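Engineer: Have a look; sequence and predicted model below, questions after that.
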Amino acid sequence: MEHPENAKEYKGLTVNKGIEQPSIVNPYLKVQKRPKRRHLSAGEFVEGILKGDVTVLSQAVTLVESVKPEHQALAQEVIEKCLPYAGNSVRIGISGVPGAGKSTSIDVFGLQVLEDKGGKLAVLAIDPSSERSKGSILGDKTRMEKLSVHPKSFIRPSPTAGSLGGVARKTRESIILCEAAGFDKIFVETVGVGQSETAVHSMVDFFLLIQLAGTGDELQGIKRGIMEMADGIVINKADGNNIEKAKLAAAHFRNALHLFPAPDSGWTPQVLTYSGFYNIGVKEIWDMIFQYFDFVKANGYFERRRNEQAKYWMYESINEQLRDHFYQDSLIKDMLALKEQEVLAGQTTSFTAAKKLLDMYFNGLKNLH
Ligand code: GDP
């Protein structure tokens, strides 16, 4: 049939209907419906974890890290069910400033302990400054090259940025899941630059501080509190012409440790030198750590410390939840902005402003009852 626009009366500019836009989707493509990822039930999570299924374990840790309330509720159920199967491990905290050689060392320490003692090793981290987009210093799996491909290891980067308390809690809960999955050695890594050591210390049985030999003033930069927490101090990079310096630094640390009160464990913290890169002196570090475990298991401190930690975390959870509840209240949020302005303008004191806000919060709670 002749096209109607070819008729004489259609000459010149005309507005035609045009053709219909074709679909941007290729109609010949077979539509493959992506199966909707079904969330496992608490029972399925627990079953997978207890079987040592690392995929399920990973998903459970992701659940623990989620901020969604429904995920949190499910995570808590899973943790609770895993709890009877957890605890059977040695938990070791490893801290050191960036560049101290933590990743190099963890790789070597991990391989050594798996070779000597068997079992399974999970490496977790606490780095409150981490953000996935920024590429966390503790989030890069390839840092531990050998361990990351070892069939008996599970490496998990730090939960993403949040309050230190929140990040630490998630790591602590992940420990429970890892233990239930049969990981009997747990490393918790942290950057030695702030309060995160305290958080790590509150969830491990042994706290190892990695140090470097400096120019003789190495003790200055170390916060007293961090040194006091250490059950062992190890000076890395004791290789090449650094060996003497490392030994000297070790002597300094030993002297400094004498100045601290004796730890509750009854254990005298030891100072060793080693080279993670050349794998020198690593076995001695493990000997020290296991000597410590024999010691504190015999004198009851091991159990006592874990109990203390459980108590500490109960209070931490209460504090965290109270804080969240307060700051997430929409009325409080509005009022907070207002009061902040008043305080900044010198119209009211910080204390009065805080009291007003808290009164408002507590009265609000009362009205709910
Ligand atoms: P992290 O930031 O604490 O995780 O430190 P890394 O493990 O990334 O190490 C920082 C740098 O120190 C890297 O260039 C390592 O190769 C180097 N390093 C680590 N351990 C040793 C060691 O035992 N000896 C020497 N000479 N260099 C080391």
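Structural biologist: Structure received. Numbering: from 1, shown residues only.

Engineer: If we ignore the residues flanking it in sequence, what's nearest the residue in the stretch 251-369 of the chain that the ligand sits nearest to?
Structural biologist: Using CB to the nearest ligand atom, the single residue of the stretch 251-369 of the chain nearest to the ligand is Phe277, 3.2 Å away. Where you see a C-beta, it was placed from the backbone N, CA and C, and this is true even at glycine. Distance criterion CB to CB, 6 or more residues apart in numbering; nearest residue to Phe277, sequence neighbours excluded, is Thr104 at 5.6 Å.

Engineer: give the contact list for the one you found.
Structural biologist: Going by CB atoms under 8 Å, 6 or more residues apart in numbering, Thr104 touches 236, 276-277.

Engineer: which stretch of helix or strand covers it?
Structural biologist: In this structure, Thr104 sits in helix 102-117 according to DSSP states H and E.

Engineer: how distant is the helix or strand just after that helix from the center of its chain?
Structural biologist: Going down the chain from helix 102-117, the next helix or strand is strand 121-126, by DSSP H and E. Centroid separation between strand 121-126 and its chain, computed with CA atoms, centre = their mean, to the nearest Å, is 7 Å.

Engineer: Which other helices and strands does strand 121-126 contact?
Structural biologist: Secondary-structure packing of strand 121-126 (3 or more CB pairs under 8 Å, 6 or more residues apart in numbering; DSSP states H and E): helix 102-117, strand 153-155, helix 164-180, strand 185-191, helix 196-201.

Engineer: and Asn88, how many neighbours does it have?
Structural biologist: 10 (other CB atoms under 10 Å).

Engineer: Name the SS class of it, please.
Structural biologist: Here Asn88 is recorded as coil under DSSP: H, G, I helix; E, B strand; the rest coil.

Engineer: From Gly93, how far off is Ala168?
Structural biologist: Noted for Ala168: a distance of 11 Å to Gly93, by CB to CB, to the nearest Å.

Engineer: Name the residues contacting each of the two.
Structural biologist: 200, 203.

Engineer: Please name the nearest non-neighbouring residue to Leu63.
Structural biologist: Excluding its sequence neighbours, the residue lying closest to Leu63 (CB to CB, 6+ apart) is Ala75, at 4.5 Å.

Engineer: For that neighbour, give its distance to Lys297.
Structural biologist: Counting by CB to CB, the separation of Ala75 from Lys297 is 31 Å.

Engineer: okay, those two: which has more neighbours?
Structural biologist: Under the criterion of other CB under 10 Å, the comparison of Ala75 against Lys297 puts Ala75 first, with 24 against 13.

Engineer: The more buried one contacts Gln59, doesn't it?
Structural biologist: No: Ala75 is beyond contact range of Gln59, at 10.5 Å (criterion: CB atoms under 8 Å).

Engineer: List the buried residues for the helix or strand bottoming out on mean pLDDT in the chain?
Structural biologist: When each helix and strand of the chain is scored by mean pLDDT, DSSP states H and E, helix 224-229 comes last, with a mean of 80. For helix 224-229, a neighbour-count test (16 or more other CB atoms under 10 Å) marks 226-227, 229 as buried.

Engineer: who's in contact with Glu47?
Structural biologist: For Glu47, the contact set (CB under 8 Å, 6+ apart) is empty.

Engineer: Surely it is within a helix?
Structural biologist: Yes: assessed by three-state DSSP, Glu47 belongs to a helix.

Engineer: what ranges of the protein fall below the confidence cut-off?
Structural biologist: For the chain, the stretches with pLDDT under 70 are 1-19, 29-38, 129-142, 161, 192-194, 215-224, 366, 368-369.

Engineer: quick check: longest helix of it.
Structural biologist: Taking DSSP state H as the criterion, the chain has its longest helix at helix 301-328.
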